[in-house]
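> Okay, predicted coordinates and the sequence, questions at the end:
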Amino acid sequence: MLLKARAFSYARPNTIAEALDLFAAADGDATYIAGGQSLVPTLALRLQAPQTLIDIAHISELRGIALDGGWLRIGALTRHCETLADPLIAQHAPLFHDAAPYVAHPAIRNKGTLGGSIALADPASEFPAMALAMGAELEIVGRDGARRVPADDYFIDLFQTAIEPGELLTAIHVPIVRPTHRWAFDELARRRGDYAIVGCGILADMQSTRIEDIRIVFFGVGNTPVRATTAEQCLIGKQLDQAVVHVTQAALADDLAPPDDEHTPAAMRVHLARVLLGRLLGRIAGAA
Amino acid sequence: MSEQITINLTVNGEDVSQSAPARETLADFLRTRLQLTGTHMGCEMGVCGACLVLVDGRVVHSCLMFAAQASGSVVETIEGLSERAAVADIQEAFHQRNALQCGFCTPGMLMTAQALLSQPGVPSRDEIRDALSGNYCRCTGYEAIVDAIESVARARAATANGRQVEEVAG
C-alpha cells in the first residue's frame, strides 16, 4: 500500500499575520499544519489535497501557558505531552490533564497539539469534549481581528466549528477551577489508546454535597461533543445520592442519540454512557 | 515557497542538506535519500510504530511528518542509537528473550523502550504495555518484548543504585 500526499508547496511563517496572508494568497486552496498527527494521514489518503501547506508550528505567538485573571490561557501549539505534564494545566484546567493520558499513544502525544485537536473537532476526541465540559472559550484570529467563541457555540457539526476558512485557532481560554469544583473524566475503549466507544467529562460546582451547577459532556456519541443538558437539570440543586443518579442515568435517553455502527449498536452506546455517568458521579460524590 | 525545498537537519550527529519534494515524509527522506533503512514503513498512518525516530529528543512517527517540517531539527534514527550503543542492553535483552522473530517492528520497539527507560523509576509491566500500545508486533505476542524491557529496566536501576552506593562510599 502506498499512501502519498499530492504535491504541495510548503510555507513556514513566523507570525500569525504572515500565516493569514499566506492563506489568503493561496485563494483558499491551503491548509494549516501544526502537529499534523491527524492531518498527515488525511493528506496521505488524499481526503484533502491542498495546493499549499502552511506550517504554523514555528509561530511563537501560538505557544505559552499563562494565568490571565480568572482564566488559564493555553497556546494552541501546546503539545499533548505538555498538556499532560504542565503544572498550571493540572491545577487550573484539570480535565485536560486527566484526559491527556487517554489521547492516542506516547509518540502521537509528542507531536499532536491541543489547538490542532480542538480545531479538527473530531467528535471521538477527548480534548474538544473537555473544552466544552470546562466551559472554555476559543480564541480565533482572522484578517479582520481576533474573537473569543464560547465552547457552547463553537462545535457546529461533524468536523465543523466556528472557525471560518483561513482563520486560526490561536489559544484556548479555560475558566480556572475553584475550591468548590469537583471533576471527573473517564472513557470506555477496547484497548488503551484506541478511540473510546464512549467517554465523558464532568465539572460540578458543589456546595458541600449539593450540586449548584454541573456540566456533563460526552464524546464518541454523535457528530460533535454532546452536553447532556437533561441529565444536568436532573442534578442541579440536588444531593448526589443513588436515587438521583438513577434518574440522571435514565434521562440520558433524551440527551444522546448516537448512530448505529457495525461494532456498536446505538442502544449499547447509550447503555455504556449510563454506566460511565454512574461511575463518574460516584467519584464526584466520593470526593465531596 | 515551492514544491521542491532544501531540507537542512542533523541526522545521527551529521549535518544533512538535501533538496526534496515538500510532500516527502521524513520516513521516505531517511530511507531513500540517506539510506537509513532501519526506520521501517508499515502502515504509513501512525498506527504501527515501525517508523519511530527521535526528533529534537522526542519519539515521533516519521511517517506522520514531512521532511520539510523537520528542517532545522536534530533527528536520531535507530542506526544512531545503535552506533552509540545507547540501546545495546535492550538489543541484548531482546536477543536473549527471543523478543523478535521477523524483526520488522523491532526498531520501533527499541525506540519506544529507550524513551520509556529514559524516564526515572522502574516501569511496571502495565506501564510497559501502555508505552507499547502504539507499536504493533505480528509475530511474538508481546509477552517476550515486555519481559525484555522489564529486565533492562531492572538492570539499569540496579546499576544506577550501585553507582550511588559507590559515590556514598567513595
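Received the coordinates, thanks. Numbering: from 1, shown residues only, chains lettered A, B, ... in the order given.

> residues in chain B within reach of chain A, list them.
B:1-3, B:5, B:21-23, B:25, B:44-46, B:49, B:52, B:58-61, B:63-66, B:68-69, B:71, B:112, B:115-116, B:130-131, B:133-134 (C-beta under 8 Å from any C-beta of the partner chain). The way it works is simple: take the backbone N, C-alpha and C, and place the C-beta from them, glycine included.

> out of the residues you listed, which are buried?
B:5, B:21-23, B:25, B:44-46, B:49, B:52, B:59-61, B:63-66, B:68-69, B:71, B:112, B:115-116, B:130-131, B:133-134 (16 or more other C-beta atoms under 10 Å in any protein chain shown).

> Looking at those residues, which are in helices?
Among those, the members falling in helices (DSSP state H) are B:68, B:69, B:112, B:115, B:116, B:130, B:131.

> In contact with the spatially closest residue to the fifth one that is not a sequence neighbour: list those residues for me.
Excluding its sequence neighbours, the residue lying closest to residue B:116 (C-beta to C-beta, 6 or more residues apart in numbering or on different chains) is residue B:131, at 4.4 Å. When contacts are counted by C-beta atoms under 8 Å, 6 or more residues apart in numbering or on different chains, residue B:131 touches A:106, B:112, B:113, B:115, B:116, B:123.

> so where's the stretch 1-150 of chain A shaky on pLDDT?
Under the criterion pLDDT under 70, the flagged ranges of the stretch 1-150 of chain A are A:1-2.

> What parts of it come near chain B?
Counting by C-beta under 8 Å from any C-beta, the stretch 1-150 of chain A sits next to chain B at A:1-12, A:22, A:33, A:36-37, A:40-41, A:43-45, A:52-53, A:55, A:57, A:81, A:104-108, A:110-111.

> For residue 78, the count of nearby residues, please.
Looking at chain A here, since you left the chain open. 22 (other C-beta atoms under 10 Å in any protein chain shown).

> To clarify, I was referring to chain B.
So residue B:78, with other C-beta under 10 Å, has 25 neighbours.

> One more: residue A:160?
11.

> Buried only: go through the residues of the stretch 1-150 of chain A next to chain B for me.
Buried among the residues of the stretch 1-150 of chain A next to chain B by 16+ other C-beta under 10 Å: A:3, A:5, A:8-12, A:22, A:33, A:36-37, A:40-41, A:43-44, A:52-53, A:55, A:57, A:81, A:104-108, A:110-111.

> Show me where chain B has its strands.
For chain B, the strands defined by DSSP state E occupy B:4-11, B:14-21, B:52-55, B:58-61, B:74-76.

> Give the pairing partners of the second one; include direction for each.
Going back to what we said before, that points to strand B:14-21. strand B:4-11 (antiparallel) (DSSP bridges).

> could you dump the strand it pairs with to CSV, C-alpha only?
Extracted C-alpha coordinates of strand B:4-11, given in CSV (Å, rounded to 0.1, in the frame of the first residue of the first chain):
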residue,chain,number,x,y,z
GLN,B,4,10.8,21.3,-4.1
ILE,B,5,12.6,22.6,-1.0
THR,B,6,16.0,22.4,0.6
ILE,B,7,16.0,20.5,3.9
ASN,B,8,18.7,21.1,6.5
LEU,B,9,18.9,18.9,9.5
THR,B,10,21.2,16.9,11.7
VAL,B,11,20.8,13.2,11.4
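
> Which residue would be the closest one in the stretch 101-250 of chain A to chain B?
The minimum distance from the stretch 101-250 of chain A to chain B, using C-beta to the nearest C-beta, falls at residue A:105 (2.8 Å).

> Tell me which residues touch the nearest residue to residue B:101 once chain neighbours are set aside, please.
Sequence neighbours aside, residue B:139 is the residue nearest to residue B:101 in space, at 3.7 Å (criterion: C-beta to C-beta, 6+ apart). Contact analysis of residue B:139 by C-beta under 8 Å, 6+ apart lists B:100, B:101, B:102, B:105.
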